[in-house]
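Trainee: the sequence and its predicted three-dimensional model are supplied below.
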Amino acid sequence: MSAATIFGLCAAAAIGLGLYGLITNPQPLRKILAFNLLGSGVFLIFGVVARRGAASGFGGDPVPQALVITGIVVAFSATALAVALLLRLFQATGSATLRADASPSPGTDPDAA
Amino acid sequence: MTIASALEVVLAAVVLGLAVWTIAARDTFSAVAGFVAYGLLLALVWVRLDAVDVALTEAAISGGLGGVLLLGAAARLRTSETPTSAERPGGMLRLEAALLSAAVAAALAAAVLFLPDPAPTLAPAAAEGAAATGLGNPVTNVLMAFRAMDTLLEKIVLLLALVGVWSLAPDPFWGGRPGMRHYADPQGVLAFLARLLPPVGIVVGIYLLWVSADHPGGAFQGGTILAAMWLLVMMAGLEDAPPVSRRWLRLLLTVGPVVFLIVGLGGLWLAGAFLAYPPGYAKPLIVAIELAMILTIAVTLGLLMAGAPERSVEQ
């Protein structure tokens, strides 16, 4: 079994783990974490495909590699936005629950002051 | 293709162990710490896959900025952790989720095992086009020339994310300073590092940009290091975060995409296609775009990390 295949199987497992964490963990920050894990697995599969496409003296196909770099940047900006939304939710309601029936407790919202 | 060595098997096992830890750990803070370690080891995996450009990005984002962002959020959300984790779904749903996740993972594993051989590749096409730009790094060629549209849109996504973060500001602090004011012991280790490291970091950041023509690196990797240096100075309390309504800040945030768009539209006129470079001028134009871009990336990443405005301009 080649190194690329080993890492490909590792990526498949990371995607499965990320999906499980995304569904079952009730804390929003843990969901963000799980979604990042899932995404990193997808990127790694891209890397395996790139490695297998090594030709013309390159160690890998540069096109999927460049796409992964773009993907990592976009994933980071989405994560930063999600974290900012979560912190604002916490600031406004004093809790970080995603339950629809959650009653807002008196938080530390500067808007209300 | 080589046979996997013991190193690769051990590396994959440790990476998987950290992934399990990230999902299963009880305490959010330790789960995030596990994820940071996972990101750093994943960068090693990328090196083993001969993708050093990706490895630099992965280390800078997952191990560096992303780690700081998530650790900071975990620390601020600590008090909400116990009540929220009580909302854990029942055993039936967990079992169904486990079955679904296992099925997805198994399908992907099968897809990896039965990938077509010989693998399809665009490497020969990238090698053929390299002469037109005069750059030796094929990944930079793809990012800045062959698929420049992706890179342009990626920078716009970064800006949109920042607009989204800023729009979360409470009304009284609209246009104010992001995040909380950091205070640190002026004689402490953090303040000492914040004085010592930035000159080195700035040189390394610009170096990564400059060598990306022929070696691994790039505007994004370099910009991340510049952003990290700025954050270090802010966290040590040596310099406060600027109010987001400052004009120079807005100018720095847009200079990269604007230069990129001007060059792209100029290509329409001089080279016959949007984002095409006139023959012989490809390299200087790419360097000009990347120089403008590294400033924009550094400022955007720094402000994304600082978060939504939480203080008025005077505070």
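Mentor: Right, received. Where do you want to start?

Trainee: got a list of what the residue nearest to residue B:230 when sequence neighbours are not counted touches?
Mentor: If you skip the residues right next to it in sequence, residue B:230 has residue B:302 as its closest partner in space, 4.5 Å away by CB to CB, 6 or more residues apart in numbering or on different chains. Quick note: C-beta positions are derived from backbone N, CA and C, even for glycine. By CB atoms under 8 Å, 6 or more residues apart in numbering or on different chains, the contact list for residue B:302 reads B:227, B:230, B:231, B:234.

Trainee: repeat that for residue A:14.
Mentor: A:37, A:38, A:40, A:41, A:44, B:15, B:16, B:19 are the contacts of residue A:14 under CB under 8 Å, 6+ apart.

Trainee: and for residue B:123?
Mentor: Neighbours of residue B:123 in contact, by CB under 8 Å, 6+ apart: A:53, A:54, A:55, A:56, A:58, A:60, A:61, A:62, B:138.

Trainee: with just CA atoms, put the worst-scoring helix or strand of chain B on mean pLDDT into CSV.
Mentor: Using mean pLDDT, DSSP states H and E, helix B:81-85 stands out as the lowest-scoring helix or strand of chain B, at a mean of 75. Provided in CSV are the C-alpha atoms of helix B:81-85 (Å, rounded to 0.1, in the frame of the first residue of the first chain):
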residue,chain,number,x,y,z
GLU,B,81,-20.1,24.9,28.5
THR,B,82,-21.8,22.9,31.2
PRO,B,83,-25.4,23.9,30.5
THR,B,84,-25.0,23.4,26.7
SER,B,85,-23.3,20.0,26.9
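
Trainee: state the distance from residue B:312 to chain A.
Mentor: Residue B:312 sits 10 Å away from chain A, going by CB to the nearest CB, to the nearest Å.

Trainee: backbone dihedrals for that residue, please?
Mentor: phi -80, psi 170 (degrees, to the nearest 10).

Trainee: was I right to think it contacts residue B:172?
Mentor: Yes - between residue B:312 and residue B:172 there is a contact at 6.5 Å, judged by CB atoms under 8 Å.

Trainee: do you have the strands of the stretch 101-250 of chain B handy? List them.
Mentor: For the stretch 101-250 of chain B, applying DSSP state E, counting those that start in this stretch gives strands covering B:177-178.

Trainee: which parts of it are helices?
Mentor: B:123-133, B:138-141, B:148-166, B:189-211, B:219-235, B:247-270 (DSSP state H, counting those that start in this stretch).

Trainee: in CSV: the contacts of residue B:123, plus secondary structure, pLDDT and distance to residue B:66.
Mentor: Converted to CSV, the contacts of residue B:123 look like this (DSSP: H, G, I helix; E, B strand; the rest coil; pLDDT from 0 to 100; distance: CB to CB, whole Å):
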residue, secondary structure, pLDDT, distance to residue B:66
A:53, coil, 83, 28
A:54, coil, 80, 29
A:55, coil, 79, 32
A:56, coil, 76, 33
A:58, coil, 81, 28
A:60, coil, 84, 24
A:61, coil, 87, 26
A:62, helix, 89, 24
B:138, helix, 84, 26
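
Trainee: out of these, the closest to residue A:73 would be?
Mentor: Residue A:73 lies nearest to residue A:62 out of those, by CB to CB, at 16.7 Å.

Trainee: quick check: residue B:211 vs residue B:16, distance?
Mentor: 33 Å (CB to CB, to the nearest Å).

Trainee: I meant to write residue B:65 there.
Mentor: For residue B:65, the distance to residue B:16 - CB to CB - is 24 Å.

Trainee: and residue B:169, by the same measure?
Mentor: 40 Å.

Trainee: looking at the two, which is more packed in?
Mentor: Neighbours per residue (other CB atoms under 10 Å in any protein chain shown) separate residue B:169 from residue B:16, with residue B:169 holding more: 21 against 17.

Trainee: what sits against that one?
Mentor: Counted by CB under 8 Å, 6+ apart, residue B:169 has contacts B:175, B:176, B:308, B:309, B:310.

Trainee: please apply the same query to residue A:97.
Mentor: A:26, B:80, B:83, B:84, B:87.

Trainee: swap the cut-off to 7 Å and go again
Mentor: B:84, B:87 (CB atoms under 7 Å, 6 or more residues apart in numbering or on different chains).

Trainee: quick check: it is in a helix.
Mentor: No - counting by DSSP: H, G, I helix; E, B strand; the rest coil, residue A:97 is not found in a helix; it is coil.

Trainee: pLDDT value on it, please?
Mentor: What the model reports as pLDDT for residue A:97 is 79.

Trainee: follow-up on the earlier one: dump the contacts of residue B:169 into TSV; add pLDDT as well.
Mentor: Shown next, in TSV, are the contacts of residue B:169 (pLDDT from 0 to 100):
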residue	pLDDT
B:175	84
B:176	86
B:308	88
B:309	89
B:310	87
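
Trainee: please pick the buried ones from those.
Mentor: B:176, B:308, B:309, B:310 (16 or more other CB atoms under 10 Å in any protein chain shown).

Trainee: tell me which two in these are the farthest apart.
Mentor: The widest separation within the buried ones among the contacts of residue B:169 (CB to CB) is 9.5 Å, between B:176 and B:308.
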